[in-house]
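Chemist: I would like the atomic coordinates for the input below:
(chains A and B)
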Amino acid sequence: MGEQTDSPPPILGNWGRFYLVVVVNTILVYGLLLLFSAFAR
Amino acid sequence: MHVLDIAVIGIYFALIAYIGYRTGRGNQGIEDFFLAKRAMPWYVIGLSVMATQASAITLIGTTGQAYVDGMRFIQLYFGLPLAMVILCATLVPFFYRARIFTAYEFLEKRFDGKTRSLTSFLFLLGRGLSDAVVIYAPSVILAIVFGLDEKILIVLIGAGATVYTALGGMRAVMWVEAWQMMIIFLGILFCLGAVVVGLPGDVSLVAAVKIAGAAGRTETVDFTFDPSVTYTFWSGVVGGIFLMLSYFGCDQSQVQRYLTGRSLAESRLSLLFNAMLKIPMQFVILLTGALLFVFYQFEKPPPIFNPVALERLRESDRRQELASLEREYDEIFEVRKDRASGLALALSTEEESEARRLFLEAEERFSDVRGRVVALVEENEGASFNDTNYIFPTFVLTELPPGVVGLILVAIFAAAMSTVESELTALSSATVIDFYRRYLRTDASDSHYLGVSRAATFAWGAFATLCALYMGRLGSAIEAVNRIGSNFYGPILGVFVLAVGTKKTNGHGAFVGILAGVAAVQLAALFSDVSFLYYNLIGTAAAVAVGYGLSLAFPTLERTV
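Modeler: Residues are numbered from 1 along each chain as shown, chains lettered A, B, ... in the order given. A predicted model of the protein is given here:
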């Protein structure tokens, strides 16, 4: 029998969190490209 | 060609033949032949997916594009990571659990046979001739720049890829593609390194990037909100998501790859691997092109990069005009070279803005003279002229040492062959599973289907190679079919959206929806100046609206859910 806890179920499952990482990483890449353009201009 | 280069190319062909033989032995049925027994690990699928998408023209043309137009092309891929996440959360689980061979088979499970057959037929029509272009385009460029025989190159790429695809099946193809993708990565990094090393000693990498930036070659994000501008942040994210959803979600050459995963998690991981790597990889390719532009500030480039067209002009009665333009070209090159050096020295000093102004003025004059040479070539050839795809191979041939030239050639071969192999497996699986096994022989043995599948692969490979050999004569017709074919992806995506996203859509609605989507894209292409990146969005929207609307209006028509 597993131990019962009071913590609520996670909003995102494992895959949901992975997808969130990919989306955040993509936004970060857009930002880095913007910085690159500004630096090189 | 140097003996070292020939040796590198020989080693490459021996290596892929060995990998193909080792991994492709013992195919026992069509699940083995088309889906590698659904037992592939995520990293092989991921590399194979990337190799499928990276054709030789991606490698050659993208560097040339950055040289001529800058790095804005990268925005085409902005929607890719987001599309991968959407696919992993929606279509991929449906496909994987349905235990299907082709994406279109899923549509019969959801709608009916005619919807499946129509989408599969549109896929065959759209992709059937694209293999010929994938083989022909790099062959003609390499033949012109390296002085090789075009027909030998076509047969080498076409027949080479066909033989081990037909004999080894999907497992062999995917392992070979994984290796080919690593060769492509290595080739890209070598090229970037070679361009950086080739810069003059007093021009640092930072200065080179700044010179490229001064000439507008490093713009990577453009927030212009104009649907007629091809590469903007918005067209990349909005249009790009639909383009990539259509390609990765509905094109059998991609779907077939992630159907081979040994679990749903492996299939998802392979696409997310692509989501993380694609933009950085394109950035490195485009940066190579932008730095190539800087390299040719200090090393005189030919007035045009197609040596055959230039030679024809030299032998024509316009040679006097060319000679006069070439004198002007030589003079302005020296002026531009001095000013580029001046800009490199003046960076971060008070003289920078003046040095930048002088450099841009020289660059404009240089471009003007080059433009006049191009116009002269066009008059001489009697056709429009574009040498973007010749820039990178010219650099490879004239500036890189023996051995490295062979490595880059191998990377170009690998890029071409990996795309050809994927198309062949996709075309033969759609032909055999969606038509032969569906309509002609529905209850034959597995070994019979395996033999037919091998024969179909050989037939498609022979067709593509023959079309490529006669491309010079068939060129415009093949291009026209390809252009129309690329407009089918949006409507096909629309029918998949209807399949997994709605419950009330019926087979008749979906079928008419596809046709309405195809018509909408054709109308947009003919009567508007909207960027092609939005075509898939238009096709998807039209197919969903018409398909769903008709199903609601006529719900009594058969529903096969």
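
Chemist: and whichever residue of chain B sits closest to chain A, how far is that from A:Phe36?
Modeler: Closest approach of chain B to chain A (CB to the nearest CB) occurs at B:Gly213, with a separation of 3.1 Å. From N, CA and C alone the C-beta is placed, and that goes for glycine too. Per CB to CB, to the nearest Å, B:Gly213 is found 9 Å from A:Phe36.

Chemist: just to revisit the earlier point, excluding covalently adjacent residues, which one is nearest to the residue of chain B closest to chain A?
Modeler: In space, and not counting its chain neighbours, B:Gly213 is closest to A:Ala40: 3.1 Å by CB to CB, 6 or more residues apart in numbering or on different chains.

Chemist: Phi and psi next, for that neighbour.
Modeler: phi -80, psi -20 (degrees, to the nearest 10).

Chemist: ok, so what distance separates it from B:Gly461?
Modeler: Taking CB to CB, one finds A:Ala40 at 44 Å from B:Gly461.

Chemist: got it, and B:Gln252?
Modeler: Applying CB to CB to B:Gln252 and B:Gly461 gives a distance of 16 Å.

Chemist: So these two - more neighbours on which side?
Modeler: B:Gln252 (29 against 26; other CB atoms under 10 Å in any protein chain shown).

Chemist: Surely that one touches B:Ala103?
Modeler: Yes - the pair B:Gln252 / B:Ala103 is scored as a contact, 5.6 Å apart, by CB atoms under 8 Å.

Chemist: more neighbours, B:Gly213 and A:Phe36?
Modeler: Using other CB under 10 Å as the criterion, B:Gly213 and A:Phe36 rank with B:Gly213 on top: 22 against 19.

Chemist: chain center to the helix or strand hosting that one: distance?
Modeler: According to DSSP states H and E, B:Gly213 maps onto helix B:205-214. Distance of helix B:205-214 from its chain centroid, counting by CA atoms, centre = their mean, to the nearest Å, is 28 Å.

Chemist: can you list the weak-confidence ranges in the chain?
Modeler: In the absence of a named chain, this looks at chain A. The model of chain A has pLDDT under 70 over residues A:1-6, A:8-12.

Chemist: should've been chain B
Modeler: B:472-486, B:556-561.

Chemist: how about the residues of it that lie near chain A?
Modeler: Applying CB under 8 Å from any CB of the partner chain, we find that chain B lies next to chain A at B:74, B:78, B:81-82, B:84-85, B:88-89, B:209-210, B:212-214, B:218-221, B:233, B:268, B:272, B:275-276, B:279-280, B:283.

Chemist: do that again at 6 Å, thanks
Modeler: B:81, B:85, B:209, B:213, B:218-221, B:272, B:275, B:279 (CB under 6 Å from any CB of the partner chain).

Chemist: Give me the neighbour count for B:Glu350.
Modeler: 7.

Chemist: any idea whether it is helix, strand or coil?
Modeler: Following DSSP: H, G, I helix; E, B strand; the rest coil, B:Glu350 is assigned to coil.

Chemist: All the helices of chain A, residue numbers only.
Modeler: Applying DSSP state H to chain A gives helices spanning A:14-40.

Chemist: Return the residues of it in contact with chain B.
Modeler: By CB under 6 Å from any CB, the residues of chain A that approach chain B are A:19, A:22, A:26, A:29, A:33-34, A:37, A:40-41.

Chemist: what residues are up against the residue in chain A positioned nearest to chain B?
Modeler: Residue nearest to chain B within chain A: A:Ala40 (3.1 Å; CB to the nearest CB). Contact analysis of A:Ala40 by CB atoms under 6 Å, 6 or more residues apart in numbering or on different chains lists B:209, B:213, B:218.

Chemist: One more: B:Tyr258?
Modeler: B:45, B:267, B:270.

Chemist: Likewise for B:Glu219?
Modeler: By CB under 6 Å, 6+ apart, the residues touching B:Glu219 are A:37, B:70, B:72.

Chemist: thinking the last one is in contact with B:Val229, fair?
Modeler: No - look at B:Arg72 against B:Val229 with CB atoms under 6 Å: they stay out of range, at 9.4 Å.

Chemist: Show me which of the two is the more surrounded one.
Modeler: Neighbours were counted for B:Arg72 and for B:Val229 using other CB under 10 Å; B:Arg72 has more, 24 against 15.

Chemist: before we move on, the earlier item: who touches both of B:Gln252 and B:Ala103?
Modeler: Counting by CB under 6 Å, 6+ apart, B:Gln252 and B:Ala103 have no contacts in common.

Chemist: Can you mark which positions in stretch B:216-226 are buried?
Modeler: B:216-222 (16 or more other CB atoms under 10 Å in any protein chain shown).

Chemist: scratch that, stretch A:27-41 is what I was asking about
Modeler: Buried, per 16+ other CB under 10 Å, within stretch A:27-41: A:29-30, A:33, A:36-37, A:40.

Chemist: Now distance to B:His508 too, for those residues, in TSV please.
Modeler: Formatted as TSV, the buried residues of stretch A:27-41 follow (distance: CB to CB, whole Å):
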residue	distance to B:His508
A:Val29	43
A:Tyr30	42
A:Leu33	46
A:Phe36	51
A:Ser37	50
A:Ala40	55
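
Chemist: hang on, the earlier thing: need the residues touching each of B:Arg72 and B:Val229.
Modeler: Common neighbours of B:Arg72 and B:Val229 are not found (criterion: CB under 6 Å, 6+ apart).

Chemist: give the contact list for B:Tyr489.
Modeler: B:246, B:536 are the contacts of B:Tyr489 under CB under 6 Å, 6+ apart.

Chemist: Distance of it relative to B:Ala542?
Modeler: Relative to B:Ala542, B:Tyr489 is positioned 13 Å away (CB to CB).

Chemist: Equivalent analysis for B:Val229, please.
Modeler: 23 Å.

Chemist: Repeat that for B:Thr165.
Modeler: 35 Å.

Chemist: And for B:Asp338?
Modeler: 56 Å.

Chemist: And for B:Phe496?
Modeler: B:Phe496 is 14 Å from B:Ala542, by CB to CB.

Chemist: A:Ala38 too?
Modeler: Using CB to CB, we find A:Ala38 at a distance of 39 Å from B:Ala542.

Chemist: What of A:Asn14?
Modeler: The separation that A:Asn14 has from B:Ala542, given CB to CB, amounts to 37 Å.

Chemist: more crowded one of these two?
Modeler: For A:Asn14 versus B:Ala542, neighbours defined as other CB under 10 Å are more numerous around B:Ala542 (24 against 9).

Chemist: can you give me the helices for the stretch 51-200 of chain B?
Modeler: Taking DSSP state H, counting those that start in this stretch as the test, the helices found in the stretch 51-200 of chain B are B:56-69, B:80-89, B:91-97, B:105-110, B:113-128, B:130-146, B:150-198.

Chemist: ok, back up a step: just curious, which of the residues of chain B next to chain A is nearest to B:Lys504?
Modeler: Using CB to CB, B:Val85 comes nearest to B:Lys504 of these, at 26.9 Å.

Chemist: Confirm for me that the closest one is in contact with A:Tyr19.
Modeler: Yes - using CB under 6 Å, B:Val85 makes contact with A:Tyr19 at a distance of 4.6 Å.

Chemist: ok, the residue most central in space within chain A to B:Pro280 distance?
Modeler: Nearest residue to the geometric centre of chain A (CA atoms, centre = their mean): A:Val21, 2.6 Å. To B:Pro280, A:Val21 is 16 Å away according to CB to CB.

Chemist: Can you get me a residue count around B:Met393?
Modeler: For the record, residue B:393 is Pro, not Met. B:Pro393, neighbours per other CB under 10 Å, totals 24.
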